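Colleague: Dropping a prediction and its sequence here:
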Amino acid sequence: GRVKARKRFGQHFLVAEDVIGDIVSALGHIADDHVIEIGPGHGALTASLAAAQPALLTLVEIDRDLAPRLAVRFPRARVLNQDVLTLDFASLAPRPYRVVGNLPYNISTPLLVKLLRDTTPIADMHFMLQREVADRLAAGPGSKAWGRLSVLTQYHCTVEKLFDVAPECFEPPPAVVSAVV
């Protein structure tokens with residue numbers, strides 16, 4: 001059977017195929033790349049990433065029940081069963097790599113800060129986040145959403161909010177609208 005979403009991990013599994021397709025399209029060509037997926041869950045996005053045949057696919061999943069299932073379903077992927085906030089990204093070769101994920105909302109800000117402050121070369125990042133966080137990341141100076149997170153992110157990256165994602169695209173549905181940046 002399916003593993004139930006755990007509240008303590010902030011799990012909301014993406015189930016909408018059209019949204020998954022839009023995320024993979026936003027990534028573009030990944031066949032020569034090392035792609036790191038954070039929080040793959042049941043592997044809905046992972047399946048589309050794996051089908052695009054990246055040079056290396058690394059999955060970082062904290063849930064001890066989901067990680068072994070991912071390893072069986074995606075035998076060519078490297079599965080790391082650990083908390084991404086404690087992961088030493090510098091140890092993950094080859095670099096630079098591309099990072100993608102449907103981030104648990106309770107760790108999205110600390111994870112972004114970690115990735116931005118890390119000296120590891122990251123080519124790009126594509127994340128599903130709570131819409132309010134996505135708006136803060138993409139906010140311009142003087143706007144209501146502009147703040148510390150906007151400054152930190154935009155110092156290191158060019159931020160583009162791509163599209164909103166409705167709660168019904170997830171199982172269980174979150175109480176908020178999400179967005180992909």
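Modeller: Received the coordinates, thanks. Residues are numbered from 1 along each chain as shown.
Colleague: Closest to the centroid, which residue in the chain?
Modeller: The centroid of the chain falls nearest to G101 when counting by C-alpha atoms, centre = their mean (1.4 Å).
Colleague: Let me see the contact set for that one.
Modeller: 37-40, 45, 126-128 (C-beta atoms under 8 Å, 6 or more residues apart in numbering). The way it works is simple: take the backbone N, C-alpha and C, and place the C-beta from them, glycine included.
Colleague: What separation do you get for the residue lying closest to H12 once chain neighbours are set aside and P96?
Modeller: Leaving aside its sequence neighbours, H12 sits nearest to F170 (C-beta to C-beta, 6 or more residues apart in numbering; 4.2 Å). F170 sits 30 Å away from P96, going by C-beta to C-beta, to the nearest Å.
Colleague: who's more crowded, those two?
Modeller: F170 (22 against 12; other C-beta atoms under 10 Å).
Colleague: Now do that one against D135, distance only.
Modeller: Counting by C-beta to C-beta, the separation of F170 from D135 is 19 Å.
Colleague: Burial check on P173, number of neighbours?
Modeller: Residues near P173, counting by other C-beta under 10 Å: 12.
Colleague: same question, the one 3 residues further on
Modeller: For V176, the number of neighbouring residues by other C-beta under 10 Å comes to 14.
Colleague: That one and L129 touch, don't they?
Modeller: No. With contact defined as C-beta atoms under 8 Å, V176 does not reach L129; the gap is 9.9 Å.
Colleague: any residues in contact with both of those two?
Modeller: Listed as contacting both V176 and L129 by C-beta under 8 Å, 6+ apart are Y105.
Colleague: Quick check: longest strand in the chain by residues?
Modeller: strand 122-130 (DSSP state E).
Colleague: partner strands of that one, parallel or antiparallel?
Modeller: strand 97-102 (parallel), strand 178-180 (antiparallel) (DSSP bridges).
Colleague: following the longest one, which helix or strand comes up?
Modeller: If I follow you right, that is strand 97-102. Later in the chain than strand 97-102, the nearest helix or strand by DSSP states H and E is helix 108-117.
Colleague: Alpha carbons of that following helix, as CSV, please.
Modeller: Listed next in CSV are the C-alpha coordinates belonging to helix 108-117 (Å, rounded to 0.1, in the frame of the first residue of the first chain):
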residue,chain,number,x,y,z
SER,A,108,11.7,25.8,2.6
THR,A,109,13.2,29.0,4.0
PRO,A,110,16.0,27.3,6.0
LEU,A,111,16.8,25.1,3.0
LEU,A,112,17.0,28.0,0.6
VAL,A,113,19.3,29.9,3.0
LYS,A,114,21.5,26.8,3.3
LEU,A,115,21.7,26.3,-0.5
LEU,A,116,22.4,30.0,-1.2
ARG,A,117,25.1,30.2,1.5
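Colleague: right, and P104 touches G39 too?
Modeller: Yes. Between P104 and G39 a contact is recorded at 5.9 Å, counting by C-beta under 8 Å.
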